[in-house]
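1. sequence and computational prediction follow.
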Amino acid sequence: APRPDEPWPVNLRGCRRFPSSRHRGAGGQRRQRTHGVPVSASRWRWIAGRWGLMGAIVLRGGAPYGLDPHDIVVEDGVITEMTSSNQSGSDALDAEGVELELDASGCTVIPGLVDLHTHLREPGREDAETIATGSQAAAMGGFTCVHAMANTSPVADTAGVVEQVWRRGVEAGIVDVRPVGAVTVGLKGEQLAELGAMASSTASVRVFSDDGLCVHDPLLMRRALEYVKTFDGVVAQHAQDPRLTEAAQMNEGALSARLGLAGWPAVAEEAIIARDVLLAEHVGSRLHVCHVSTAGSVEVIRWAKARGIPVTAEVTPHHLLLTEELVESFNPIYKVNPPLRRAEDVHALREAVVEGTIDIIATDHAPHPREDKDCEWAAAAMGMVGLETALGIAVEVFIGSGLLTWRDIADRMSTIPARIGQVPDQGMPIAPGSAANITVWDPSAQGPLEVDALVGKSGNSPYLGRRMPGTVRHVLFRGRPSVVDGALA
């Protein structure tokens, strides 16, 4: 018999399947290079299987974690050998069975990135993004796994919906797509969703969030924390007190008063985090805080960790770089939730990433069709795309300044998010025996970001025209190329 949180079989009759999506610009969105249209990852695998091309792939001359250059051999989805590029005579590297050699000289090699916070919009808003196009954008940004948030239409609050999202990700075959389940039915904050059913589904959901909205009822939040504890899940909270942010348009302060825009106080975020870390301590369950944006929030999380409370936190690239002064332009590209904050907040967030108070960097990739952003500020949707630029911004903020090493970046953008989301075979070290989810970063390919370079459906990036400190040259997903020479494979 079904458990209390699961539907009876009779209630499953007539459940809607997702409508088939029409991938706008499915071919044309991928950049046609000198050799024509790139071969899709699924087509590559079919060709390899059809013609027996299942030999080794060799990354030549890449520097794991920015250290000494190595030749890296990948076979059957696993790193099998690493040889210093200064050495010679490796039988495996010179074997006839080598299927593909990829030049990684002058590049840094790190584990494939894992994003704990992605909006793929499917089902329901395929005009903004689909699982297929979002997967392509993720691969181009160096990601091999993304977590798809639940605020779709219909909401991902049942086993059926999360399984469909998971299957669409498998069909795309470019990155691991891990569905995030809603905490409450319809994101309404009134009744717990089918947490147990989603956890035991084929999608094996372990992260639950009403992101876009806050689980503001403390009793409901407590019950959610208690429930996910039974299968070691985690609740990812969008920390925003709804009463304190009614009609809010930007960060509250002197600038919002001067511009005449309703302010979004920092305490609206900090109060929810303070409440929830205490609930997590009381219950003994894992809590994850989405898109931390204020110095006060950092202080609360630091206090909670010092008490041994099982809390993790993320920050977005845009909150590590951009400040509220950009809102003076009234360009809706800078309208985001939570809003861009003060320079003091940006500094505190960077310090928190360096010291580990904030555990990970997550994109909060939020695509919108042009009409939702190309309008006046008050009517514009909140959010920015970020999958294709996240690593570049992290390099600019932390590597360029010397605040972090490449191994630190790998921890915060791959290893730790994979651990929080409990994703097997992701975030593993660049070492023999590890699953071959690999990203190769080319620091020599610098230049301004152009909208035509974005492969996702939406171009609402705040970095258009900004000089990027490099680009992703190659990506291997489960040992097969998804990006080769800066283009989709």
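-> Happy to help now that I have it.

2. give me the spatial nearest neighbour of residue 281, chain neighbours excluded.
-> Among residues not flanking residue 281 along the chain, residue 309 sits closest, at 4.5 Å (Cβ to Cβ, 6 or more residues apart in numbering). Glycine gets a C-beta too; all of them are placed from N, C-alpha and C.

3. which SSE is that neighbour in?
-> Here residue 309, judged by DSSP states H and E, is contained in no helix and no strand.

4. neighbours around it, how many?
-> 19 (other Cβ atoms under 10 Å).

5. tell me what residue 484 is bridged to.
-> Note on residue 484: beta-bridge partners residue 487, judged by DSSP bridges.

6. distance of it from residue 55?
-> 16 Å (Cβ to Cβ, to the nearest Å).

7. what does residue 348 give?
-> With Cβ to Cβ as the criterion, residue 348 and residue 55 are 50 Å apart.

8. for the nearest residue to residue 431 once chain neighbours are set aside, phi and psi?
-> In space, and not counting its chain neighbours, residue 431 is closest to residue 79: 6.6 Å by Cβ to Cβ, 6+ apart. Main-chain dihedrals, residue 79, degrees, to the nearest 10: phi -70, psi 120.

9. so what's residue 79 scoring on pLDDT?
-> Listed pLDDT for residue 79 reads 97.

10. before we move on, what about the one 3 residues further on?
-> Residue 82 is assigned 96 on the pLDDT scale.

11. Three-state assignment for it, please.
-> strand (DSSP: H, G, I helix; E, B strand; the rest coil).

12. that one contacts residue 71, doesn't it?
-> Yes: applying Cβ atoms under 8 Å as the test, residue 82 and residue 71 come out as touching, 7.3 Å apart.

13. neighbour-wise, which of the two wins?
-> residue 71 (21 against 17).

14. part of a helix, is that one?
-> No: with three-state DSSP as the criterion, residue 71 is assigned strand and is not in a helix.

15. right, and it touches residue 63 too?
-> No: assessed by Cβ under 8 Å, residue 71 is found out of contact with residue 63, at 11.2 Å.

16. count of neighbours near the residue lying closest to residue 124 once chain neighbours are set aside?
-> Leaving out its chain neighbours, the residue that sits closest to residue 124 by Cβ to Cβ, 6+ apart is residue 153, at 2.8 Å. When counting by other Cβ under 10 Å, one arrives at 11 neighbours for residue 153.

17. which residues does residue 153 contact?
-> 123-125 (Cβ atoms under 8 Å, 6 or more residues apart in numbering).

18. identify each buried residue in the longest helix seen in the chain, please.
-> Secondary structure of the chain per DSSP state H: the longest helix is helix 267-283. Buried residues in helix 267-283, counting neighbours by 16 or more other Cβ atoms under 10 Å, are found at 268-281, 283.

19. how far away is residue 441 from residue 135?
-> Relative to residue 135, and taking Cβ to Cβ, residue 441 is found at 20 Å.

20. quick check: phi and psi at the closest residue to residue 310 other than its chain neighbours.
-> Distances taken as Cβ to Cβ, 6+ apart put residue 286 closest to residue 310, at 4.8 Å, once the chain neighbours are dropped. Backbone geometry at residue 286, expressed as degrees, to the nearest 10, gives phi -80, psi 140.

21. list the beta-bridge partners for residue 286.
-> For residue 286, the beta-bridge partners under DSSP bridges are residue 234.

22. doesn't residue 234 make contact with it?
-> Yes: counting by Cβ under 8 Å, residue 286 does reach residue 234; the two are 4.2 Å apart.

23. before we move on, what SS does residue 412 have?
-> Relying on three-state DSSP, one would call residue 412 helix.

24. look at it and report its pLDDT.
-> 98.

25. check residue 23 too.
-> 38.

26. likewise for the one 3 residues further on?
-> We note a pLDDT of 40 for residue 26 in this prediction.

27. likewise for residue 55?
-> 77.

28. any idea how far it is from residue 221?
-> Counting by Cβ to Cβ - residue 55 and residue 221 are separated by 52 Å.

29. more crowded one of the two?
-> Comparing residue 55 with residue 221 by other Cβ under 10 Å, the one with more neighbours is residue 221, at 25 against 14.

30. was I right to think that one contacts residue 238?
-> No: in terms of Cβ under 8 Å, residue 221 does not count as a neighbour of residue 238; the distance is 11.5 Å.

31. pairing partners for the strand ranked longest in the chain, with directions?
-> Using DSSP state E to define each element, the chain has its longest strand at strand 56-64. Strand 56-64 sits in its sheet next to strand 70-75 (antiparallel), strand 98-103 (parallel), strand 108-111 (parallel), going by DSSP bridges.

32. least reliable of these going by mean pLDDT?
-> strand 98-103 (a mean of 93).

33. below-threshold pLDDT in the chain: ranges please.
-> In the predicted model of the chain, residues 1-54, 87-96 satisfy pLDDT under 70.

34. which neighbours do residue 221 and residue 238 share?
-> residue 215.

35. now residue 267, nearest residue through space, not along the chain?
-> Distance criterion Cβ to Cβ, 6+ apart; nearest residue to residue 267, sequence neighbours excluded, is residue 244 at 6.8 Å.

36. that neighbour: what secondary structure?
-> Following three-state DSSP, residue 244 is assigned to coil.

37. which residues does it contact?
-> So residue 244 contacts 265, 267-268, 271 (Cβ under 8 Å, 6+ apart).

38. check residue 334 too.
-> Residue 334 neighbours (Cβ under 8 Å, 6+ apart): 322, 326-327, 340, 462.

39. between those residues, which is nearest residue 147?
-> residue 462 (22.1 Å; Cβ to Cβ).

40. distance check, residue 480 against residue 403.
-> For residue 480 relative to residue 403 (Cβ to Cβ), the value is 34 Å.

41. which one's more surrounded, these two?
-> residue 480 (21 against 13).

42. show me where the chain has helices.
-> 41-51, 131-140, 159-172, 195-199, 218-229, 254-259, 267-283, 295-306, 343-355, 370-373, 390-394, 406-410, 416-421.

43. name the helices or strands packed onto the third one?
-> So that's helix 159-172. Applying 3 or more Cβ pairs under 8 Å, 6 or more residues apart in numbering; DSSP states H and E, one finds that helix 159-172 contacts helix 131-140, strand 176-179, helix 195-199.

44. JSON lines for the ones you listed, including mean neighbour count?
-> Shown next, in JSON lines, are the helices and strands packed on helix 159-172 (neighbours: other Cβ atoms under 10 Å):
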{"stretch": "helix 131-140", "mean neighbour count": "29"}
{"stretch": "strand 176-179", "mean neighbour count": "27"}
{"stretch": "helix 195-199", "mean neighbour count": "23"}
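
45. make TSV out of the ones you listed and add distance to residue 227.
-> Shown next, in TSV, are the helices and strands packed on helix 159-172 (distance: least, Cβ to Cβ, whole Å):
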stretch	distance to residue 227
helix 131-140	27
strand 176-179	17
helix 195-199	5
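
46. mind checking those for the one nearest to residue 418?
-> Set against residue 418 and scored by Cβ to Cβ, those come closest in strand 176-179, at 9.6 Å.
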